[in-house]
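>>> quick one, what's the 3D model for this:
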Amino acid sequence: MRLTVLCILLCSSVAIRAQVAMPAISHAGISELNALSQHLSDPQKLTDETQGRFPTAMVHGRCTVGFLGKVDASFDPASVSSNAVSVGSRVGDIVSFRVDAYHLSAVNDIPGLAYAELAGCAAPHLDRAVRATRADSVQRGINLPQSYTGRNVLIGVLDWGFDYTHPMFYDTTLTTSRVRAAWDQFRQAGPGPSAFGYGTELTNTPDLMAAQSDTANIYSFATHGTHVSGIAGGSGAGTQYRGFAFDAQFVFCTWLIDAAGALDGFAWMKSVADLDQKRLVVNCSWGLYYMGTLDGNSLISQAINQLSQQGVVFCNSGGNNGDVNFHLKKNFGGDTLRSIIQIYPYSAHPKMWGQSITMWGDVGAEFAAGITITNNANQMLAQSPWYHTSTQSAYVDTIIVIGTDTVFYNITADAAHPLNGRPHMRLRVKNTNGALKIQLKQTAATGLVHSWNVTELSNGVGNWGQAFLGGVAGTVAGDKNYGISEPACTESTITVAAYSSEYYLGQNNTPVGVPSRRSRPSDPPSMSARNRTSRHRA
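This is a model prediction of the structure:
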C-alpha cells in the first residue's frame, strides 16, 4: 500500500541526545519508515515502496536509509560497532551514513554523533507539474472538443545541448523518433539549410542517430536543450514522467547565441512547419539583458511579433533572477545615485570577465553615469569622469590603475536609441581584487533611469544577475523587479516564470500551487500594459 507523504517528511529530523540516550523524534519520518518496515519484510519491496519519498536504497542486498549527521570531537568512524550502520564521508563536523531500514535504532549506537537527520531526496516531479497546471485534463480532452497531446504540432526549441537519441524524444511506444529535423549552426561540416548556407541540417532519423547530438559551442557540450525539450514534449520513455505535449514532433536549432542566429533559427523552423503543414510552437528557455531594448521594441521582438501574426506561438522563460536585487529604478531631479556593483566571483567560472550594467532612460531626457572605486572602509580611491548620454562618443575603453591593481571598463552610449528614442548606456567593468569596491554613480536633471547588473563571461554571454548593494553611507540597494529580459519582453510572447508544483495539505484539501521566486517577471519600462506575461497557476 502506497502512502501519500508530504515532501517535507524527506527532511524529517531526529535529535540524537548525547551518549546512549534514546533519540527524540521530532517528525514522523522515522516512525513511518519503522511502520512500513514492519509490514514489508522483503528489503527490495520496502525499497521500491519508499524510494523517492525517503532516502532508501538497496546496498549489498539490504534496504538502507541515508542520513546526514553532525558529530563532536570524540567521533571516530572506526568506533562504530553496529553492522547496521555504514559511515560514508566526513567534511569537518558533518558526516553521511546509511542505516539498515530494519534497524533504525542503531543510530543511537554511533559514538560522538550529536545530531542526525534523514538525508533529503532528489526526485523527478514532472508528472506533478502536468497535474498541477491541469495539463492532464487538456491531454484527456476533459470539457474540450477533443484531447490535445501535441498531435500534428511541431515544437521548435532554440537552445543548445541536444541529445537527438534520447528516449524521451521517441514516441510513447519507444519505437519511432519524434525529432523531425535539427539545425546545428555551429557544426560546419554541412550541408546547411539551402536558404542559409551555414551550419549542418539533419532532416532524417538515420542522420540524426548517426550525429547523436549537436556539437560543442561557446558553452561546450551541454544538456540544456534536452532538459527543456523533455519538459515540453517528452514521451516519458516508459515512465510516468511525460512532458506536456508528448505526441508532438521536434525541430531543434543549436543557435549561434546572437540575434541573427536566433532569427535564422525561427525562420528555418517556420519553413519546416510550412512544408509539413503543421502548427509551430517555439520555445526559448534563455534570455539576455543586453541583446535589445528591453521594452519590446528590439528588432528580434518585432520579428517575433510578425511571426506570431503568421500563426507561430512563442514561449519564453522568465529568467533566473527572481531573488536577485539586480535592478535599480531612480526618478531623478538633479540629484545623484550611488550603488555598489556586486561582482560574480572569478573563481566560480573559468570564463568570468566582469559585470555588465545596462541603463535606459526616458524619451527626450538624458543622464550621466560612471564608476567610483572605494576600499572596504568606503574611502574613495579613484573615480571615472562623468559620461553623458547626450555628448558621449559611441565607445570608450579605458582603465583605472590603483597601486598594483587595474580596473578595466568600457562604455557604449546612445543619446536616443533609433528603435525607441531612449537614452542608453552600457557599462562593462572588470575588477579582480575583492578589496576594491566598484560603485555605480548616476545623475540626471530629470527623468526615470532603469539599470540592470548582469554577469558577463569572456565569450560574450551570461545572464545571471548580481545585486546592486547599499549598506554604506550614500549608497542604495537594488530591487528584484523588472526581471525579464530579451526576448521575454516581446508583446506576443508567452513568458512563463518558474513554478513549483502543487502539494496537498491532506485528504480532500485543496491543492496549493507555489510559484517559485526563481523568476519574477515584471514589465519593462513603458510596457506596463503591453507586456503579456503569464505564470502557470494551479
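
>>> list the contacts of stretch 79-94.
The contact list for stretch 79-94, computed with C-beta atoms under 8 Å, 6 or more residues apart in numbering, reads 59, 64, 68-72, 75, 77, 95-100, 102-103, 106-107, 109-112. For the C-beta atoms, the positions are set from N, CA and C on the backbone; glycine is no exception.

>>> mind running it again at 6 Å?
Applying C-beta atoms under 6 Å, 6 or more residues apart in numbering, the contact partners of stretch 79-94 are 70-71, 77, 96-100, 103, 106, 109-111.

>>> find me the pLDDT at the residue most central in space within the chain, would you?
Taking C-alpha atoms, centre = their mean, the centroid of the chain lies closest to residue 320, which sits 4.8 Å from it. In this prediction, residue 320 carries a pLDDT score of 84.

>>> do the same with residue 18
For residue 18, pLDDT reads 34.

>>> do residue 124 as well
So, for residue 124, pLDDT stands at 71.

>>> after the longest helix belonging to the chain, which helix or strand is next?
What stands out as the longest helix in the chain, according to DSSP state H, is helix 259-276. Downstream of helix 259-276, the first helix or strand assigned by DSSP states H and E is strand 279-284.

>>> which residues touch that next one?
In contact with strand 279-284 (C-beta under 6 Å, 6+ apart) are residues 153-158, 232, 269, 273, 312-316.

>>> can you rerun that using 7 Å?
With C-beta atoms under 7 Å, 6 or more residues apart in numbering as the test, strand 279-284 has contacts from 153-158, 228, 232, 266, 269-270, 273, 311-316, 487.

>>> buried residues in the longest helix of the chain?
259, 261-266, 268-273 (16 or more other C-beta atoms under 10 Å).

>>> picking that back up, so the residue nearest to the centre of the chain makes contact with residue 464?
Yes: contact between residue 320 and residue 464 holds when scored by C-beta atoms under 7 Å: they sit 5.7 Å apart.

>>> tell me the mean pLDDT over stretch 109-120?
In this model, stretch 109-120 has a mean pLDDT of 86.

>>> ok now it, how far from the chain's centre?
Mean-position distance between stretch 109-120 and its chain equals 33 Å (C-alpha atoms, centre = their mean, to the nearest Å).

>>> swap in stretch 226-234?
Centroid separation between stretch 226-234 and its chain, computed with C-alpha atoms, centre = their mean, is 14 Å.

>>> how about stretch 495-503?
Chain-centre distance of stretch 495-503: 12 Å, with C-alpha atoms, centre = their mean.

>>> same question, stretch 320-327
In terms of C-alpha atoms, centre = their mean, the centre of stretch 320-327 is found 12 Å from the chain centre.

>>> buried ones in that stretch?
Using 16+ other C-beta under 10 Å as the test for burial, stretch 320-327 gives 320, 321, 322, 324, 325, 326, 327.

>>> give me the subset of those that lies in helices.
Per DSSP H, the subset of the buried residues of stretch 320-327 in helices is empty.

>>> which of the residues you listed fall in strands?
Under the assignment DSSP state E, these contribute residue 327 to strands.

>>> okay, the buried residues of stretch 320-327 in TSV with distance to residue 305 next?
As requested, these are arranged in TSV below (distance: C-beta to C-beta, whole Å):
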residue	distance to residue 305
320	25
321	24
322	26
324	29
325	31
326	27
327	25
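
>>> buried among the contacts of stretch 79-94? Make that a ChimeraX selection.
Entered in ChimeraX, the line below selects the buried ones among the contacts of stretch 79-94, by 16+ other C-beta under 10 Å:
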select :70,71,77,97,98,99,100,103,106,109,110
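
>>> redo the contacts of stretch 79-94 as JSON lines? Include secondary structure.
Compiled in JSON lines, the contacts of stretch 79-94 are given as follows (DSSP: H, G, I helix; E, B strand; the rest coil):
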{"residue": "70", "secondary structure": "strand"}
{"residue": "71", "secondary structure": "strand"}
{"residue": "77", "secondary structure": "helix"}
{"residue": "96", "secondary structure": "strand"}
{"residue": "97", "secondary structure": "strand"}
{"residue": "98", "secondary structure": "strand"}
{"residue": "99", "secondary structure": "strand"}
{"residue": "100", "secondary structure": "strand"}
{"residue": "103", "secondary structure": "coil"}
{"residue": "106", "secondary structure": "helix"}
{"residue": "109", "secondary structure": "helix"}
{"residue": "110", "secondary structure": "coil"}
{"residue": "111", "secondary structure": "coil"}
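
>>> contacts for the longest helix of the chain next, please.
154, 156, 158, 180-181, 183, 185, 193, 195-196, 251, 253, 255, 279-280, 282, 291, 299-300, 303, 307, 312.
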